[in-house]
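Asker: Following is a predicted model, sequence given first.
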Amino acid sequence: MAGGKSTPKKDKALKVSNGQTVKTGQILLNRLNTYKAGLNVKGLDILFALCPGKIYFTRKKTSHGKVRTFINIAPIPQKPPK
C-alpha cells in the first residue's frame, strides 16, 4: 500500500434491504458469503438482479443441517407497450 498504510475496504456490504425495488443488473451484494443467490438473482461473489422487482429474503436448511439465507426478487409485471 502507498505510504505503508493499509486501510480496510469499505465496499463489502449488503446494498439492498427487504421490500426495496431494484432494476435489472443492479448489484445487491458485494463480496459477502453469508447470502446466496435465489430466484431471479445471479452471481457468486457479487450478486446482481436478473429482472426488475422487489427484494425478499428466505432461509433454507441444507442437507448438512446448515441454515442459508437466500436473496430473491419477486418480478414486477411488465406493462404491455401501446
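Answerer: The structure has been received and is ready for your questions. Quick caveat, the model's predicted, so the values are computed rather than measured.
Asker: looking at this structure, which helix or strand is least sure?
Answerer: strand 13-14 (a mean of 83; mean pLDDT, DSSP states H and E).
Asker: which other helices and strands contact the helix or strand that comes right after that strand?
Answerer: Tracing the chain C-terminally past strand 13-14 and defining elements by DSSP states H and E, one meets strand 21-22 next. Counting contacts by 3 or more C-beta pairs under 8 Å, 6 or more residues apart in numbering; DSSP states H and E, strand 21-22 packs against strand 53-61. Glycine gets a C-beta too; all of them are placed from N, C-alpha and C.
Asker: Would you mark the buried spots in the strand it packs on?
Answerer: Residues of strand 53-61 classed as buried: 53, 55 (neighbour count, 16 or more other C-beta atoms under 10 Å).
Asker: Could you spell out the sheet neighbours of that strand, each with its direction?
Answerer: The pairing partners recorded for strand 53-61 under DSSP bridges are strand 21-22 (antiparallel), strand 67-75 (antiparallel).
Asker: Which SSE is immediately downstream of the first one?
Answerer: This points to strand 21-22. strand 27-30.
Asker: hmm, who's touching that following strand?
Answerer: Strand 27-30 has contacts (C-beta atoms under 8 Å, 6 or more residues apart in numbering) with 11-16, 22, 35, 41, 43, 46-49, 55, 71.
Asker: Swap in 7 Å and give it another go.
Answerer: 11-16, 22, 35, 41, 46-49, 71 (C-beta atoms under 7 Å, 6 or more residues apart in numbering).
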